[in-house]
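**Q** With the input below, show me the fold.
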Amino acid sequence: MSISEKEWFIEAPWGRLCVVAWGDCMNPPVLLVHGSRDTAATFRPLVAMLPDKFYYIAIELPGNGKSDSYPPGMMISVYDLVYVVTLVVRHFRWDRFTFVGHSLGTLIGKLYDLSYRGSIAKVVELDPVTKHITVPPSKFAEWYHRSFTAFYEQYEKLNSPKEKAPSYTRRQAIDSIKENRGLTEKTAADTVDRMTEPAGRGRVRFTSDRRYKYIAAVPFSPEHLKRVFTSITTPTLSIMAENSIKKGLYRNAEFLLDEGSFKANNYRVRRVEGGHDVHFVNPERVAGFVTQFLLYGLEGVESKAKL
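**A** Predicted coordinates:
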């Protein structure tokens, strides 16, 4: 489909949310939500390979991309981010929509689906790592200090104005993103363009809210997480990156790799070679599965002939 974009803002109680759209607004809506400290650019290559029969809307979470941050001082929780989806759905007056999430975005989608049963028609999860919310009881103290103690011990730094953030040349910024996320030159440059601002003397500073390093979420035991997530009956396609699996990022949530764990038979898993950002770096490995699911649902994913 055409990659031409439209961009505008939605008012929120704390500021503005940036929305990036592709396609015809008269088509069925597909909402795309990125992961922590990312931007709508992460979906650009994938959307370009998807069918033009849908209206694709990517939101940039508060403090990411061009969206305003939450007020300083507060600790950001994943439940605050679920409300962001609520604002967008109300703005567009959607009764039903398809949800596509990456990483943290998949958790936001899961919690929205649990809170607004029946609103989401289909879900696509792009490497839905749950490492930081799946907490065995023996690891509770470790989780608490990693999440809350660490936040308050760095309180001033995390809540300091963005003007105090260090500056870099654009080249340095691109190289940093490439190294940290394993992106290509093009995808790293697109990301930098949406998550930096001029800092004077030809330099830029990153604008992503540093509090996203410590997103607050209720810790689920592995058993509880399985009970909650498998209670969802929305048709779901989960695309897992092999590198994430090899790193053990699903160690405490291995049921997500097993379609049989979902008794409603509504869950399909497809594993693809690549890292956590495979949908961004190698969208061709993901696009076929997503296309078939969008067009034909669970049956489409299982039909090798159509792929």
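**Q** ok so residue 294 is a helix residue?
**A** Yes - counting by DSSP: H, G, I helix; E, B strand; the rest coil, residue 294 falls inside a helix.
**Q** For it, which residues are in contact?
**A** Contacts for residue 294 (C-beta atoms under 8 Å, 6 or more residues apart in numbering) come out as 30, 50-51, 53-54, 98, 122, 124. No exception for glycine: its C-beta is placed from N, CA and C like everyone else's.
**Q** Can you flag the buried ones in these?
**A** Neighbour counting with 16 or more other C-beta atoms under 10 Å marks 30, 50, 54, 98, 122, 124 as buried within the contacts of residue 294.
**Q** What segments of the stretch 101-250 of the chain are strands?
**A** All strands of the stretch 101-250 of the chain, identified by DSSP state E, counting those that start in this stretch, fall at 120-126, 167-169, 196-200, 203-206, 236-241.
**Q** quick one, which of these is nearest to residue 8?
**A** Of all those, strand 196-200 sits nearest to residue 8, with 18.9 Å by C-beta to C-beta.
**Q** Can you list the buried residues in that closest one?
**A** Here strand 196-200 shows 196, 199 as buried, counting by 16+ other C-beta under 10 Å.
**Q** Kindly report the same for stretch 93-110.
**A** Of the residues in stretch 93-110, 94, 97-110 count as buried by neighbour count, 16+ other C-beta under 10 Å.
**Q** so residue 162 touches residue 207, yeah?
**A** Yes - with contact defined as C-beta atoms under 8 Å, residue 162 reaches residue 207; the gap is 5.5 Å.
**Q** residues in contact with residue 140?
**A** Here residue 140 is in contact with residue 219 (C-beta under 8 Å, 6+ apart).
**Q** same deal with residue 40?
**A** If you count contacts by C-beta under 8 Å, 6+ apart, residue 40 has them with 18, 20, 32, 34, 58-60, 65, 194.
**Q** Now residue 70. Nearest residue, chain neighbours left out?
**A** residue 62 (5.1 Å; C-beta to C-beta, 6 or more residues apart in numbering).
**Q** chain center to stretch 185-194, what's the gap?
**A** Offset of stretch 185-194 from its chain centre (C-alpha atoms, centre = their mean, to the nearest Å): 17 Å.
**Q** For it, list every residue counted as buried.
**A** Buried residues in stretch 185-194 (16+ other C-beta under 10 Å): 187-192, 194.
**Q** Can you add secondary structure, distance to residue 144 and pLDDT and give the contacts of residue 40 back as a markdown table?
**A** Listed next are these as a markdown table, based on DSSP: H, G, I helix; E, B strand; the rest coil; distance: C-beta to C-beta, whole Å; pLDDT from 0 to 100:
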| residue | secondary structure | distance to residue 144 | pLDDT |
| --- | --- | --- | --- |
| 18 | strand | 33 | 98 |
| 20 | strand | 36 | 98 |
| 32 | strand | 32 | 98 |
| 34 | coil | 27 | 98 |
| 58 | strand | 33 | 98 |
| 59 | strand | 30 | 98 |
| 60 | strand | 30 | 98 |
| 65 | coil | 30 | 97 |
| 194 | helix | 33 | 97 |
